[in-house]
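Colleague: pasting the sequence and the predicted model now:
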Amino acid sequence: MRDQAAGPRVLLKRLRELMAEALEPQERLDRIVREIASNMVAEVCSLYVLRADAVLELYATVGLNPGSVHLAQLRLGQGLVGTIAASARALNLSDAQLHPAFAYLPETGEEIYHSFLGVPVLRAGRTLGVLVVQNRTKRHYRDDELEALETTAMVIAEMIATGDLARLTRPGLELDLTRPASFSGLSFNEGVGLGHVVLHEPRIVVTNLFNEDTEEELRRLDDALGSLRLSIDDMLSRRDVAFEGEHRAVLEAYRMFANDRGWVRRLDEAVRNGLTAEAAVEKVQSDMRARMLHMTDPYMRERMSDFDDLANRLLRQLMGHGPEVLAASLPKDAIIVARSMGAAELLDYPRDKLRGLVLEDGAVTSHVVIVARAMGIPVAGQMKGAVSMAENGDAIIVDGDEGRIHLRPQSDVEAAYAEKVRFRARRQELYRELRNKPSNTLDGVHVDLLMNAGLAVDLPQLAESGAAGIGLFRTELQFMVAATFPRAEAQEKLYRDVLDAAKGKPVTFRTIDIGGDKVLPYFKNVVNEENPALGWRAIRLTLDRPALLRTQVRALLKAAGGRELRLMLPMVTELGEIFQAREIIDREVRHLSRFAHDLPNILKIGAMIEVPSLLWQLDELMRTVDFVSVGSNDLFQFVMATDRGNTQLSDRFDALSVPFLRVLKQIVDAGKANDTSVTLCGELAGRPISAMTLVGLGYRSISMSPASIGPVKAMLAELPLAKLESFLADAMAKPGAGRNTREELVAFARENNIPI
Ligand code: PEP
Ligand code: MG
């Protein structure tokens, strides 16, 4: 039987020799196309390269008019060549001129050729050009010939990617590989970052393309596939699957694909054609990626990207790469680009080198996003296609404010963003100067500015922001970024670290507030809730699972030995819940004192005001607890019946409208009447205009994200409080209908030169 792979193998061998020879790039290309034509018994072989202006330019040919090289051009999508490039799919035609897309280029003299085989030149799924062979006769090219041409195209892709052809490009023109690209997605964390791409899953560059011994390569491939299957089974059998960000369904898909016969057959074929096992994986992966980019069905795209991940794993098996991050080789302005990643993986990167994070998937509530926010780095998400368009080291801008990224940006875009970053930096400088100044209004009234936190990475912000303490420590974040319930020791350690870092400044720990949109992958509600925001969450859940609360309370009591402990209960609806929680807390205190543990010297218990029912029992509430804190995010959601996560509704109702302002005032007044301290720790506290309003209503303690402390303090310093109080008293006494109180407040700030 004829060895169908002999042809491609001989061709690859010849190409390898040509690559090694010291040749001018044009000469090398000319010899390559001649070699391909003769090997495939074709009368024509031509290479078109895609330029940044979306034009495919003829770079080399044998058989077509040599004078048309660098002159013949087709737009992306135009003619057969343009169609191949646009669709990233091969075309195999016995009579090219009958194809509806056929476009005749008179300068090439190609009218005498009928059969046509063209393949995209692909690298990591991106089309860099098109390689074509043609014959006079009306023949149909065999599958193995198609395969051989695709393999050859890989070698050419490598030449283009390594910049070999750059010298052949006319001045003013650029190849597509360096084209700027912008993507729009969602804003996951604000801020702007300029830097260089670091692919979280580094694309493994296969440089060793040609195999010396096919049987040996097939054996290597087989071994690697075997280990891959084993490692997937192993991951599936582990309990902490969710922690790695690889949910069971994805792993199941991996397992299915790793055993997919079609995939394995294509890999085998590529090795038989002369490629190394690595190059074979890369070739098949590249075909997949190209198809993925043109797929519109989100389900299919998702499955194809699973395949892509799997191919990466296989490549790592073959090349012996671990997923380790080489901190030393990281640029000092790294912007991590990933399809998705686990929270712990982000923490592995050195913070001082991170300038931003780009995710193809993810949601605002993803753990990695929560951590990134705590680290204060801009995050843009849902950037479909970003990974395959980015190369390690490419310049990139993350615009976390708008949810956009700019890859290889043009200089004017870069200059505009650099200005934005400088402007922010100047403002930060200003805030830093305010850091150690008291947070007083223009007329000397003091307001406590506290910060919200939840993870150990937040702690340095306490000193940097100049916050007076931690007004809300969201303990559930530790639970949300963990693989399983954090053990009592781990909880205690975190709480102790927090109190140590606070150096005597007050810290208010909120008991775990899970449920609603805060889900723990390892702890699911057995009931499928239709309205999780109104469901089994926060204190409702912990009172039903008292062991959870007991463990946490014990850890907190131990961590705060000899110091003050402020405990706050979330989502309280009726006072009975506070009594029940108190009983649990008292029991833990008795238990620890029985074992002679060092107990907190002061224990204060507070409640969050988030559920409107408390508004009609404010006096009793204030007498029951030591302090209250208004959770304006939830309170607004429930008072206005408006889902806090629904972007469609986010601008519809205003927290600065008369009804909600009256609610807020009622609470602060009840606090004064009962001598109970009142804080507000929702997002409202962090925006200067709403912070100004809160202070005007009587709030003297507000807690916000650390980044907001500077702007709010700057606002306070210019605020004539007495004037605002009388302005607000008037404004709230008037009927609210038809008025825009926010605009009135903004006008007040402008008239009084208050920076908002
Ligand atoms: C709130 O609801 O305002 C609040 C501070 O709690 P969280 O945002 O964690 O629900
Ligand atoms: Mg809340």
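Modeller: Nice, thanks for sending it over. Numbering: from 1, shown residues only. Ligands and ions are numbered 1, 2, ... in the order given.
Colleague: excluding sequence neighbours, find me the nearest residue to residue 37.
Modeller: Distance criterion CB to CB, 6 or more residues apart in numbering; nearest residue to residue 37, sequence neighbours excluded, is residue 45 at 3.8 Å. Where C-beta positions appear, they are placed from N, C-alpha and C, glycine not excepted.
Colleague: make that residue 333, sorry
Modeller: Distances taken as CB to CB, 6+ apart place residue 195 nearest to residue 333, at 3.3 Å, with adjacent residues excluded.
Colleague: also residue 514?
Modeller: Leaving aside its sequence neighbours, residue 514 sits nearest to residue 476 (CB to CB, 6+ apart; 5.1 Å).
Colleague: that neighbour contacts residue 513, correct?
Modeller: Yes: Residue 476 is in contact with residue 513 according to CB atoms under 8 Å; the separation is 5.1 Å.
Colleague: from residue 18, how far out is the residue lying closest to residue 165 once chain neighbours are set aside?
Modeller: Nearest residue to residue 165, sequence neighbours excluded (CB to CB, 6+ apart): residue 25, at 5.8 Å. Shown here: residue 25 relative to residue 18, a distance of 12 Å by CB to CB, to the nearest Å.
Colleague: coming back round to it: the helix or strand hosting the residue nearest to residue 333 pairs with which strands, parallel or anti?
Modeller: Assigned by DSSP states H and E, residue 195 belongs to strand 192-199. Sheet pairing of strand 192-199 (DSSP bridges) gives strand 334-338 (parallel), strand 395-399 (antiparallel).
Colleague: buried set for it?
Modeller: 192, 193, 194, 195, 196, 197, 198, 199 (16 or more other CB atoms under 10 Å).
Colleague: the next helix or strand after that strand: which residues count as buried?
Modeller: Counting by DSSP H and E, the next helix or strand C-terminal to strand 192-199 is helix 214-237. Neighbour-count burial for helix 214-237, counted by 16+ other CB under 10 Å, picks out 214, 217, 218, 220, 221, 224, 225, 228, 232, 235.
Colleague: where does the stretch 301-450 of the chain have low pLDDT?
Modeller: 301-303, 305, 321-328, 365 (pLDDT under 70).
Colleague: let me fix that: the chain
Modeller: Checking the chain against pLDDT under 70 turns up 1-6, 203-205, 238-250, 293-303, 305, 321-328, 365, 521, 647.
Colleague: gap between the residue in the stretch 1-150 of the chain that ligand 1 sits nearest to and ligand 2?
Modeller: Nearest residue of the stretch 1-150 of the chain to ligand 1: residue 125, at 39.8 Å (CB to the nearest ligand atom). Distance of residue 125 to ligand 2, computed by CB to the ion, to the nearest Å: 43 Å.
Colleague: pretty sure that residue contacts residue 282?
Modeller: No: taking contacts as CB under 8 Å, residue 125 lies outside contact range of residue 282: 10.5 Å.
Colleague: between these two, who's got more neighbours?
Modeller: The neighbour comparison of residue 125 against residue 282 (other CB atoms under 10 Å) goes to residue 282, with 29 against 23.
Colleague: pretty sure the more buried one is in a strand, no?
Modeller: No: using DSSP: H, G, I helix; E, B strand; the rest coil, the assignment for residue 282 is helix, not a strand.
Colleague: pull the number of nearby residues for the residue nearest to it when sequence neighbours are not counted.
Modeller: Counting by CB to CB, 6+ apart, residue 282 lies nearest to residue 206, which is 4.8 Å off, once chain neighbours are set aside. For residue 206, the neighbour count with other CB under 10 Å is 21.
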